[in-house]
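> sequence? don't have it. structure:
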């Protein structure tokens with residue numbers, strides 16, 4: 001009876017281990033279509049897939065948020081968040097477009113919140129938006145000299161890297177529009193994924209250990225929505241967000257079936 005009681009106690013403790021703990025809230029920011037062809041820049045559908053992956057982790061409270069302008073309730077939502085994933089149109093411009101919005105992101109960063117950004121969410125045509133965005137996310141596809149290319153190429157993690165985001169990743173082929181020659185922070189940035197573009201290897205995903213003690217992640221791919229079908233994409237992006245949220249990532253990577 002004592003043994004049986006002990007087993008039951010352990011089972012109950014395991015099943016309720018997260019019941020009373022507060023969850024970390026992650027906002028998945030998306031916008032309506034921006035004029036790109038169907039099947040590309042699918043902000044909302046992408047965030048719904050990412051939510052499905054992140055919902056598997058009981059310590060996270062994952063919330064989908066439409067961030068179309070004027071997004072008046074945005075600063076208030078950011079004030080209650082522990083992390084953000086930004087997948088919107090020309091995101092670096094969008095963050096800087098409203099003074100209260102920019103200040104809310106800066107306050108979020110000071111609280112050591114996790115910040116992640118995908119594809120055009122790191123974009124800006126105006127170079128003046130680059131520096132404030134890089135300080136938050138670690139990288140930006142910005143300015144009149146920004147580069148991008150549609151191609152089929154090999155993407156790969158750096159040999160020997162032990163960064164948690166790279167767990168379970170190796171080499172794979174992909175059809176993509178990658179942004180490259182990105183504007184990256186001068187320190188604290190660690191390349192996670194590179195792609196061969198114009199016969200050179202370029203960083204297309206990174207981890208950023210911010211000076212404020214928080215973490216940021218960025219990935220310049222995901223132009224084509226169909227790439228979510230690849231386990232490598234689901235693993236990379238999910239693990240990137242998890243790392244920013246200080247979640248433990250298995251050595252072999254998360255399951256991404």
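Nice, thanks for sending it over. Since we're looking at a predicted model, the values are computed, not measured. Numbers count the residues shown, from 1 in each chain.
> CA atoms for contacts and neighbours, from now on please.
Will do.
> Which residues does the helix or strand hosting residue 45 contact?
Applying DSSP states H and E as the criterion places residue 45 in helix 43-54. Helix 43-54 is contacted from outside by 28-33, 60, 62-64, 87-88, 225, 228, 234, 237-238, using CA atoms under 8 Å, 6 or more residues apart in numbering.
> one more time with 6 Å, if that's ok
Residues outside helix 43-54 that contact it (CA atoms under 6 Å, 6 or more residues apart in numbering) are 30, 87.
> counting contacts, what elements does the next helix or strand after that helix pack onto?
Counting by DSSP H and E, the next helix or strand C-terminal to helix 43-54 is strand 60-66. Helices and strands touching strand 60-66, as assessed by 3 or more CA pairs under 6 Å, 6 or more residues apart in numbering; DSSP states H and E, comprise strand 24-30.
> And the strand it packs on, what does it pack against?
Against strand 24-30 (3+ CA pairs under 6 Å, 6+ apart) you get strand 60-66, strand 83-87.
> so how far is the first one from its chain's centroid?
Meaning strand 60-66. 13 Å (CA atoms, centre = their mean, to the nearest Å).
> What of stretch 211-230?
Using CA atoms, centre = their mean, the offset of stretch 211-230 from its chain centre is 4 Å.
> what's the answer for stretch 104-120, then?
So, by CA atoms, centre = their mean, the centroid of stretch 104-120 is 10 Å from its chain's centroid.
> Now that stretch: buried residues?
Counting neighbours by 16 or more other CA atoms under 10 Å, one finds that the buried residues in stretch 104-120 are 104-106, 108-109, 111-120.
> just stretch 213-220 next, same as before
214-220.
> which ones among the residues you listed are found in helices?
The members of the buried residues of stretch 213-220 all map outside helices under DSSP state H.
> Tell me the one of these nearest residue 138?
residue 216 (6.7 Å; CA to CA).
> Surely that closest one is in contact with residue 112?
No - using CA atoms under 6 Å, residue 216 is not in contact with residue 112; the gap is 9.6 Å.
> about what we covered before: would you list the helices and strands packed on strand 24-30 in JSON lines and tack on distance to residue 24?
Formatted as JSON lines, the helices and strands packed on strand 24-30 follow (distance: least, CA to CA, whole Å):
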{"stretch": "strand 60-66", "distance to residue 24": "5"}
{"stretch": "strand 83-87", "distance to residue 24": "8"}
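> Looking at these, which one is packed in the most?
strand 83-87 (a mean of 26; mean count of other CA atoms under 10 Å).
> that older thread, go through the buried residues of stretch 104-120 and say which is closest to residue 250.
residue 114 (18.9 Å).
> right, and that closest one touches residue 244 too?
Yes - using CA under 6 Å, residue 114 is in contact with residue 244, at 4.3 Å.
> shared neighbours of those two, anything?
215-216.
> where does the protein dip in pLDDT?
Applying pLDDT under 70 to the chain picks out residues 1-20, 257.
> show me where it has strands.
24-30, 60-66, 83-87, 114-118, 123-124, 139-142, 147-157, 171-180, 183-184, 189-197, 200-209, 215-219 (DSSP state E).
> would you list the ones you listed in CSV and tack on distance to residue 250?
Listed next are these as CSV, based on distance: least, CA to CA, whole Å:
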stretch, distance to residue 250
strand 24-30, 19
strand 60-66, 17
strand 83-87, 21
strand 114-118, 19
strand 123-124, 31
strand 139-142, 26
strand 147-157, 17
strand 171-180, 19
strand 183-184, 28
strand 189-197, 16
strand 200-209, 17
strand 215-219, 18
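> Of those, flag the one that's most buried.
In terms of average neighbour count - mean count of other CA under 10 Å - the standout among those is strand 139-142, at a mean of 30.
> quick one, what contacts residue 178?
So residue 178 contacts 148-149, 220-221 (CA under 6 Å, 6+ apart).
> swap that for residue 68, sorry
Taking CA under 6 Å, 6+ apart as the criterion, residue 68 is in contact with residue 31.
> Give me the distance between it and residue 94.
10 Å (CA to CA, to the nearest Å).
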